[in-house]
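Engineer: Kindly generate the corresponding structure for this input.
(4 chains)
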There are 4 protein chains.
Amino acid sequence: MEQSDPIGHEEHCHTGGAERKSHHSDKAKSNLTSRLNRIEGQIRGLKGMIERDTYCDDVLNQIAAVQSALNSVGKLLLEHHLNSCVIERIQEGDHDVVKELMSTMNKLIK
Amino acid sequence: MEQSDPIGHEEHCHTGGAERKSHHSDKAKSNLTSRLNRIEGQIRGLKGMIERDTYCDDVLNQIAAVQSALNSVGKLLLEHHLNSCVIERIQEGDHDVVKELMSTMNKLIK
Amino acid sequence: MEQSDPIGHEEHCHTGGAERKSHHSDKAKSNLTSRLNRIEGQIRGLKGMIERDTYCDDVLNQIAAVQSALNSVGKLLLEHHLNSCVIERIQEGDHDVVKELMSTMNKLIK
Amino acid sequence: MEQSDPIGHEEHCHTGGAERKSHHSDKAKSNLTSRLNRIEGQIRGLKGMIERDTYCDDVLNQIAAVQSALNSVGKLLLEHHLNSCVIERIQEGDHDVVKELMSTMNKLIK
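Structural biologist: I've put the predicted structure just below:
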């Protein structure tokens, strides 16, 4: 799905410097940002529904839709994380990345 | 927790007219709206995190926090729905409310 | 899906006597029991997989399958509960059923 | 928590031979097996509850407990998988393990 990027904005994990960073390609960034923009619009839509006394069942269905959109963002980020930081740090012999990942997974798997 | 409202803005279910409505008390509305405002801010925060290449693990933790905040809104709405529309419509002998509720629950219980 | 039962084993809620009961029709009972038998078999299958050192990914996929089968049982029970006890008790003016239901929902919606 | 094993039953990933295997230490195996035994007992308990017309709310609470116990087993297995197969295969340059892991995560994160 994601084609190789000729300009070289590869996705990778910055570990040098003061803090750890996750670099996304421009394409990945714009995909994530447009998904989050849509979710932000859905949240504003939810506020309008509450304001206009929309029937609860319809509001609950909209909440389920936002949850699902947010899950998709989470899965994209997890996939990126596994393919960049997790692979890189394990290859560098830094196994703490697995501990951190597991603590994140414990929050996502409910 | 929720005190009785002397002005009479009781929560109830409007079934007359063109479409079904769920009326929330002013207090309930402002509670839901301020929760959704906070969630909207969290979504904007997530966009900034992506923009600034924040480490994926931290972004994923923030996503888990939004999911949990959104779940709380869903539970408040469900509670309101059960206490207003579901009770009212069952008392009026309209059992379709249960079918609708079940179809909503099927989306929320995953 | 569920046909009306000519013998009269209707699903209902017993509230008389020492403790509250939920009566399922014979058909509903055998449906639930056969689903639980299958789940019990899947759990035994999981133990065998651990014993035989089955690759974790395959075991995790089987766990996801059991979760999903268990969710289906939960939804069937919830639907039965709404259609029997919840309707009956609300019609009798007993709104505590909604409080109990909400506390159960809080455990199921995660 | 898990002490090093002097006899050498280390947890690791077998990739040689006909099929991939996940080897658990004896201690890990007996932990997982006793958890699954308890879950099997809970499933049998659920069947008894249905048989005895136990109130649906109580059955639903028991289902939520089983879901939670099953999630714990899933998290233990995932942790083991990350610490053995995922680390080993990435170190061997085999990145397919990440694709498989992601497809499993997609089933567990709902």
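
Engineer: Can you report phi and psi for the residue located most distally from the centre of chain A?
Structural biologist: No residue in chain A sits farther from the centre than residue A:53, which is 31.8 Å out by C-alpha atoms, centre = their mean. According to degrees, to the nearest 10, the main-chain angles of residue A:53 amount to phi 60, psi 40.

Engineer: which residue ranges form the strands in chain A?
Structural biologist: For chain A, strands defined by DSSP state E occupy the ranges A:12-14, A:21-23.

Engineer: if I read this right, residue A:21 contacts residue B:54, doesn't it?
Structural biologist: Yes: between residue A:21 and residue B:54 there is a contact under C-beta atoms under 8 Å: 7.3 Å. Bear in mind the C-beta positions are built from the backbone N, C-alpha and C, glycine included.

Engineer: any idea how far the residue of chain A found nearest chain C is from residue A:54?
Structural biologist: Chain C sits closest to residue A:110 of chain A, with a gap of 4.1 Å, by C-beta to the nearest C-beta. Distance, residue A:110 to residue A:54, by C-beta to C-beta, to the nearest Å: 27 Å.

Engineer: picking up where we left off before, tell me the contacts of the residue farthest from the centre of chain A?
Structural biologist: Residue A:53 makes contact with B:14, B:21-24, according to C-beta atoms under 8 Å, 6 or more residues apart in numbering or on different chains.

Engineer: same deal with residue A:33?
Structural biologist: B:47, B:50-51.

Engineer: that older thread, quick check, pLDDT for the residue of chain A closest to chain C.
Structural biologist: Note for residue A:110: predicted pLDDT of 74.

Engineer: And for residue A:102?
Structural biologist: 92.

Engineer: got any ranges where chain A has weak pLDDT?
Structural biologist: Chain A contains residues with pLDDT under 70 at A:1-11, A:14-18.

Engineer: Mind doing that once more with 80?
Structural biologist: Across chain A, the ranges flagged by pLDDT under 80 are A:1-19, A:110.

Engineer: Let me know whether stretch A:62-70 sits next to chain B.
Structural biologist: Yes: against chain B, stretch A:62-70 shows contacts by C-beta under 8 Å from any C-beta of the partner chain at A:63-64, A:66-67, A:70.

Engineer: Could you dump the residues you listed into CSV with distance to chain C and neighbour count added?
Structural biologist: Putting the residues of stretch A:62-70 next to chain B into CSV (distance: C-beta to the nearest C-beta, whole Å; neighbours: other C-beta atoms under 10 Å in any protein chain shown) gives the following:
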residue, distance to chain C, neighbour count
A:63, 10, 25
A:64, 10, 19
A:66, 14, 23
A:67, 10, 19
A:70, 14, 22
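
Engineer: and which of the residues you listed is nearest to chain D?
Structural biologist: Among the residues of stretch A:62-70 next to chain B, and counting by C-beta to the nearest C-beta, the member closest to chain D is residue A:67, at 9.4 Å.

Engineer: Now do the contacts for the residue lying closest to the closest one once chain neighbours are set aside.
Structural biologist: Excluding the flanking residues, the one nearest residue A:67 by C-beta to C-beta, 6 or more residues apart in numbering or on different chains is residue B:70, at 6.0 Å. Residue B:70 is in contact with A:63, A:66-67, A:70, B:39, counting by C-beta under 8 Å, 6+ apart.

Engineer: same deal with residue A:110?
Structural biologist: Going by C-beta under 8 Å, 6+ apart, residue A:110 touches C:110, D:71.

Engineer: Tell me how many other residues surround residue A:95.
Structural biologist: Residue A:95 has 12 neighbours, counted by other C-beta atoms under 10 Å in any protein chain shown.

Engineer: that older thread, how far away is the residue of chain A closest to chain C from residue B:68?
Structural biologist: 9 Å.

Engineer: just residue A:80 next, same as before
Structural biologist: For residue A:80 relative to residue B:68 (C-beta to C-beta), the value is 22 Å.

Engineer: So for the two, which residue has more residues nearby?
Structural biologist: residue A:80 (22 against 12).

Engineer: Could I get the contacting residues of that one?
Structural biologist: Residue A:80 touches A:11, A:22, A:24, A:28, B:56, counting by C-beta under 8 Å, 6+ apart.

Engineer: Look up how far residue D:109 lies from it.
Structural biologist: For residue A:80 relative to residue D:109 (C-beta to C-beta), the value is 15 Å.

Engineer: try residue A:53
Structural biologist: 34 Å.

Engineer: now the helices for chain A?
Structural biologist: A:26-51, A:56-81, A:87-91, A:96-108 (DSSP state H).

Engineer: Switch those helices over to TSV, and while doing so, append distance to residue C:94 to every line.
Structural biologist: Listed next are the helices of chain A as TSV, based on distance: least, C-beta to C-beta, whole Å:
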stretch	distance to residue C:94
helix A:26-51	29
helix A:56-81	22
helix A:87-91	58
helix A:96-108	38
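
Engineer: which of these sits most buried?
Structural biologist: Neighbour counts (mean count of other C-beta atoms under 10 Å in any protein chain shown) averaged over each of the helices of chain A peak at helix A:56-81, with a mean of 20.

Engineer: what's the angle from it to helix B:96-108?
Structural biologist: Using axes from the mean of the first three to the mean of the last three C-alpha atoms, to 10 degrees, the direction of helix A:56-81 lies 10 degrees away from that of helix B:96-108.
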